[in-house]
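Student: Sequence first, then the predicted structure, then my questions.
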Amino acid sequence: MGAGFLHKQLLVCFSAFLFLLVVIIHQDAPGTLQLGFLGALRGEPVSAEQRQGSPTFQWRGTEEERAGDSMPVPVPSRPPATTRHPLQVVYPYNYRFLLNEPDKCRDRAPFLVLLVVTEPKDITVRNAIRQTWGNESAVPGVSMVRIFLTGVHPRYGSPLQRLLEEESALHRDIIQQDFLDTYNNLTLKTLMGMEWVSTHCSNASYVMKADSDIFLNVGFLVRQLLQPQLPPKKDFMTGHIYRNTGPLRSKAYKWYVPREVYPNNTYPPYCGGAGYVLSGDLAKKVYGAAQTLRVINMEDAFLGICLYKLGISVTNSPWGLFNVFWLEYEKCRFSRLVLVHHYGPTDLLRVWPDFQGGNKTCPS
């Protein structure tokens, strides 16, 4: 009797653990169907079909878009504050560049532009990235340009602005527009980067948008995935692809998207915002499409909407190259990945010397 009771208690505890683990993963990747998750826990292989899901996106759009999907929809430059939902992103709008680097690509056609999302206060973060994966000389023989994207701090804009201007004068790698730097304005920050590429670096072969809290194996990205010896791809975008996802309607989540902002129940397939790569020609097309769409406060999903509008599909990359979760550092494992999420400046500076060092030979 005692053994049976103990066995039942263990089963209950294990079931509770599985439930909590699913909830945690679901919150870290909002809206994602965790296909094959329980099978993976049991050690069963996950098929490519399970990993990719099936495209079930259904487009509703606004009334104007439904009335004439093939025609650009005129959008007022700034919706009246009385009718605009607080989370509705104000776009298109003539945001001014407070810091700019218009000459970065004047005398070169970079193979890769790194657009790194940061906050105005992130001086330590930017310095760590400059010393590690953001070093423009990280891949010998390959021309790279590093640009940090930022807005205006909601509370300490003026004192931080002076520091940003000094940092910008020293490194010449920061661009900034006059929107507030908030989580819900992340889409504006990314579109600023697309605008900068379209206007000042339209000769780039590839563009990567990256969060600032990642480990990026830029050598593997360039040599193995993008392959500079081949002609640049066109209409190309890849990363960690989310399918069969939809907006979270609960205000308890920071990823909350109300119906007033986005009426659809699902998103088209899109690449997770920790880091994704697109061809230079597509960066310009995405920026153009954004001028005709209602911009939403989920930046990565919005780029998927732009691709849907353009009739372009995301491109599958080898499974696991873009790792949106944290992994314990191990040199050989990291040498076969493009990115790993949740690596701050201290972690980067700690592991980078070993990663760059030749003290360990990894099997091919």
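Tutor: Arrived safely.

Student: what about the residue positioned nearest the centre of the chain, helix or strand, and which?
Tutor: By C-alpha atoms, centre = their mean, the chain has its centre lying nearest to residue 273, at 2.0 Å. Element membership for residue 273 (DSSP states H and E) is strand 270-279.

Student: Can you name the residues in contact with that strand?
Tutor: 29, 186, 205-211, 214, 216, 221, 225-226, 232-242, 245, 286, 299-301, 303-305, 307, 314, 322, 324, 338-339, 341 (C-beta atoms under 8 Å, 6 or more residues apart in numbering). Bear in mind the C-beta positions are built from the backbone N, C-alpha and C, glycine included.

Student: From these, list just the buried residues.
Tutor: Neighbour-count burial (16 or more other C-beta atoms under 10 Å) is assigned, among the contacts of strand 270-279, to 186, 205-211, 214, 216, 221, 225-226, 233, 236-242, 245, 286, 299-301, 303-305, 307, 314, 322, 324, 338-339, 341.

Student: Please flag which of the contacts of strand 270-279 sit within helices.
Tutor: Counting by DSSP state H, the part of these found in helices is 186, 286, 299-301, 303-305, 307.

Student: Out of the helices and strands in this protein, which is least certain?
Tutor: Least confident element among the helices and strands of the chain, by mean pLDDT, DSSP states H and E: helix 37-41 (a mean of 27).

Student: Residue 362 contacts residue 335, doesn't it?
Tutor: Yes. In this structure, residue 362 is within contact of residue 335 by C-beta atoms under 8 Å, at 5.2 Å.

Student: Of these two, give the one with the bigger neighbour count.
Tutor: With neighbours defined as other C-beta atoms under 10 Å, residue 362 and residue 335 compare such that residue 335 has more, 15 against 11.

Student: quick one on the thing from earlier: which ones among the contacts of strand 270-279 are found in strands?
Tutor: Counting by DSSP state E, the contacts of strand 270-279 place 206-211, 214, 216, 237-242, 322, 339, 341 in strands.

Student: State the helix or strand in which the closest residue to residue 246 other than its chain neighbours lies.
Tutor: Of all residues not flanking residue 246 in the chain, residue 266 sits nearest, at 4.5 Å (C-beta to C-beta, 6 or more residues apart in numbering). Taking DSSP H and E as the definition, residue 266 sits outside all helices and strands.

Student: same thing with residue 145?
Tutor: Using DSSP H and E, residue 145 sits within strand 144-152.

Student: Please name every helix or strand in contact with that strand.
Tutor: Secondary-structure packing of strand 144-152 (3 or more C-beta pairs under 8 Å, 6 or more residues apart in numbering; DSSP states H and E): strand 112-117, helix 123-131, strand 174-180, helix 186-200.
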